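# Please find the sequence and the predicted model below.
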Amino acid sequence: MARILIVDDSPTEVHVLKTMLEKNGHTVSTAADGEEGIAKAKAEHPELILMDVVMPGLNGFQATRLLTKDPETQDIPIIIVTTKDQETDRVWGLRQGAKDYITKPVEEAELVAKMNTALGA
């Protein structure tokens, strides 16, 4: 299936997402913050990135903006996966270049559907 990069500072969230993705046949790598996420995206060129928002250092909105503006990574679809459930956050996330926005706790069916759409599957 697809190579997915999870960028999230919560070991619990990473475990939950990774388990869901691997169960669906995806290969998963992880990054604990925005800076590491950008570095891994450039090094590994994943087919999709799942991006948390609230992280130390570079937050998910900033990292998404940097990745979508960089010619090297701008073609990688990003889905924001966050606890921030306000409509203004969703709109802002999409304005930073994210293809979609999911609030935690993540429903597996919703995640898989949005990933398939972002991957063009």
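All right, it came through fine.
# Spatially central residue in this structure, please.
The residue lying closest to the centre of the chain (CA atoms, centre = their mean) is L50, at 1.5 Å.
# How far does the helix or strand where that residue lies sit from its chain's centre?
L50 is part of strand 48-51, with elements assigned from DSSP states H and E. The gap between where strand 48-51 is centred and where its chain is centred comes out at 2 Å by CA atoms, centre = their mean, to the nearest Å.
# What of stretch 62-77?
The chain centroid and the centroid of stretch 62-77 are separated by 12 Å under CA atoms, centre = their mean.
# Just the C-alpha atoms of it, please, in PDB.
Provided in PDB are the C-alpha atoms of stretch 62-77 (Å, rounded to 0.1, in the frame of the first residue of the first chain):
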ATOM      1  CA  GLN A  62       3.800  25.800  10.400                       C
ATOM      2  CA  ALA A  63       5.200  22.500   9.300                       C
ATOM      3  CA  THR A  64       2.300  22.000   6.800                       C
ATOM      4  CA  ARG A  65       2.900  25.500   5.400                       C
ATOM      5  CA  LEU A  66       6.600  24.900   5.000                       C
ATOM      6  CA  LEU A  67       6.100  21.400   3.400                       C
ATOM      7  CA  THR A  68       3.500  22.600   0.900                       C
ATOM      8  CA  LYS A  69       5.600  25.700  -0.100                       C
ATOM      9  CA  ASP A  70       8.800  23.600  -0.700                       C
ATOM     10  CA  PRO A  71       9.100  22.300  -4.300                       C
ATOM     11  CA  GLU A  72      10.700  19.100  -2.900                       C
ATOM     12  CA  THR A  73       7.700  18.200  -0.700                       C
ATOM     13  CA  GLN A  74       4.800  20.200  -2.100                       C
ATOM     14  CA  ASP A  75       3.300  17.100  -3.900                       C
ATOM     15  CA  ILE A  76       2.900  15.100  -0.700                       C
ATOM     16  CA  PRO A  77      -0.700  15.300   0.600                       C
END
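# Fine by me, we can end here.
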